[in-house]
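Peer 1: Give the three-dimensional model of this entry:
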Amino acid sequence: MLTSTAPRPYMPRAWLICLDLQRDYVVPGRPRYSLANTEVAATCARVLGLARDEGWRVVHSQYRSQAAAPWPRELFGAPIEGLRPLISEPVYFRKGLSAFANPGFAQEMRLAHGAEVYLIGFSLADTCLATTLAGVDEGLSLTLVEDAVGASEELAAADVARTILRPFVQLASSRRLLARRLEMAH
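Peer 2: Model prediction:
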C-alpha cells in the first residue's frame, strides 16, 4: 500500500453550535413541546457525539427568561439528558432570540472564521433563524443540520424558516455528516 509522507493540509477545526438543548422542548405538556422533538433530540445526540469524537469546538447557547423561574419551572430549562454540556464546552445564556445577543458568544464565534460551523438545536422558526442570520452577518460559513433542528411551531413555520435560510447557509443531514466521517476514516 502506498502512503504519502507529505504533510496534510491544515484543516481548521469544525465548530458545533448547540441551541436550546433544553427539556422544555421534549417534555409533553410544555408549551414548546412537539412529538417530533424526541427524534430531533436523538439526532442532536448523534451529531454532538460525532463533534466530540472528532474534537470539534462545541458551544452551547440556552435561553434564560428575564424573570427567574421558580421551582419546578426551572427544571424545564435544564439540558436534555444525554445532551448536557461537558465542562470543556462553554454555555452562553441569553435573554433574546439570537445567541449573538450574548457578547461572550459573539466573541467566541469570531474565532470560528474560516472554519466549518454547524448548527443544531431548537427552535427553528425563531432562535435558529435569528442566530443563523446573525452568524451570516458576522461572516461565518454556517451549515444547518436539518434533521437536528426542531420546531415547536407548526410545520409551516419550520418550512418558511428553511426557505428563508437556504440562500444564506448550507443545509445538510446528520446522515451526510456521519457518512463523511466514515469516508475520511478510510
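
Peer 1: Following element in sequence after the lowest-mean-pLDDT helix or strand in the chain, please.
Peer 2: Here the helix or strand of the chain ranked lowest by mean pLDDT, DSSP states H and E is helix 155-165, holding a mean of 67. The first helix or strand that comes after helix 155-165 along the chain, using DSSP states H and E, is strand 170-172.

Peer 1: Show me which strand runs longest in the chain.
Peer 2: In the chain, taking DSSP state E as the definition, the longest strand is strand 141-150.

Peer 1: That one - which strands sit beside it in the sheet, and in what orientation?
Peer 2: strand 116-122 (parallel), strand 170-172 (parallel) (DSSP bridges).

Peer 1: Looking at those, spot the one closest to I87.
Peer 2: For the strands paired with strand 141-150, distance to I87 was read as CB to CB. The smallest value, 19.8 Å, belongs to strand 116-122. Backbone N, C-alpha and C define where each C-beta goes, glycine included.

Peer 1: For the closest one, give the mean pLDDT please.
Peer 2: The pLDDT scores in strand 116-122 average 94.

Peer 1: outside of that strand, which residues touch it?
Peer 2: Residues from elsewhere that reach strand 116-122, judged by CB atoms under 8 Å, 6 or more residues apart in numbering: 12, 14-22, 25, 32, 37, 40, 43-44, 47-48, 51, 56, 109, 127-128, 131-132, 135, 140-145, 148-152, 172, 177.

Peer 1: what do you get for stretch 38-52?
Peer 2: Residues from elsewhere that reach stretch 38-52, judged by CB under 8 Å, 6+ apart: 14, 16, 18, 21, 25-26, 58, 80, 82-83, 86, 118, 120-122, 145, 147-150, 174, 177-178, 181.

Peer 1: pull the CA atoms of it into CSV?
Peer 2: What follows is stretch 38-52, C-alpha atoms only, in CSV (Å, rounded to 0.1, in the frame of the first residue of the first chain):
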residue,chain,number,x,y,z
THR,A,38,-37.9,13.5,20.6
GLU,A,39,-36.4,12.3,17.4
VAL,A,40,-34.7,15.6,16.8
ALA,A,41,-33.1,15.3,20.3
ALA,A,42,-31.8,11.8,19.4
THR,A,43,-30.3,13.2,16.2
CYS,A,44,-28.8,16.0,18.1
ALA,A,45,-27.2,13.4,20.4
ARG,A,46,-25.6,11.6,17.4
VAL,A,47,-24.3,14.9,15.9
LEU,A,48,-23.0,16.0,19.3
GLY,A,49,-21.3,12.7,19.7
LEU,A,50,-19.6,13.0,16.3
ALA,A,51,-18.4,16.5,17.1
ARG,A,52,-17.0,15.4,20.4
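
Peer 1: residues contacting V145?
Peer 2: When contacts are counted by CB under 8 Å, 6+ apart, V145 touches T43, V47, Y118, L119, I120, A172, S173, S174, L177.
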